[in-house]
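Trainee: Structure here, sequence nowhere to be found:
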């Protein structure tokens, strides 16, 4: 509905700006956590709104950074791009790989040690939400998060874990941004499994 779209423009627009700030002023890989949000914004408010807001944030935030960095370094510098290229270089023995590499299952082992049963619960969150959506969508609602938010949180966590598992150089600190999401998604999985197991699940 048109009224709903008008009401959503401000909070979703601020959310896009927040992600853009994290990406351009913080760590570019934060974009992974914003991809589900981007999909939700496009579905709710359309591609044009998302592109217009994103490009405005990009121009507003990136231009001053490039100007300052380029002035200080004496050459054209786009810091977010440099970080991306350095940390995701596919060439063996270059970029971040100079500091050591680990196998793809490194984060699964580490997170399993740190979070115990919470890790498998987190990995099961999206499949459980999908089953619940197909069988009893009304049971997905919680006092603070509807199905869209729950799916977005689950997708963000899996995207982050999957992407960084593919990068040869690994450090536990790269998982810090999803520590809160692991807790939330583990709780979502437990909550959803309990709802599905309840006799009321099909009501």
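Mentor: That came through fine. The structure presented is a predicted model; accordingly, all values stated were derived computationally and were not measured.
Trainee: Can you tell me the closest non-neighbouring residue to the residue nearest to the spatial centre of the chain?
Mentor: With distances taken as Cα atoms, centre = their mean, residue 33 lies nearest the centre of the chain, 1.5 Å away. Spatial nearest neighbour of residue 33, chain neighbours left out: residue 156 (4.7 Å); criterion: Cβ to Cβ, 6 or more residues apart in numbering. Backbone N, C-alpha and C define where each C-beta goes, glycine included.
Trainee: Against which helices or strands is the helix or strand containing that neighbour packed?
Mentor: Using DSSP states H and E, residue 156 falls within helix 147-166. Using 3 or more Cβ pairs under 8 Å, 6 or more residues apart in numbering; DSSP states H and E as the contact definition, the elements that helix 147-166 packs against are helix 31-45, helix 106-115, helix 118-135, helix 179-197.
Trainee: Now it: buried residues?
Mentor: Going by neighbour count (16 or more other Cβ atoms under 10 Å), the buried part of helix 147-166 is 147, 149-161, 164.
Trainee: one step back: my guess is the residue nearest to residue 33 meets residue 31, correct?
Mentor: No: using Cβ atoms under 8 Å, residue 156 makes no contact with residue 31, being 10.7 Å away.
Trainee: which helices and strands does the worst-scoring helix or strand of the chain on mean pLDDT pack with?
Mentor: Ranking every helix and strand in the chain by mean pLDDT, DSSP states H and E puts helix 2-21 at the bottom, with a mean of 86. If you count contacts as 3+ Cβ pairs under 8 Å, 6+ apart, helix 2-21 packs onto helix 31-45, helix 47-73.
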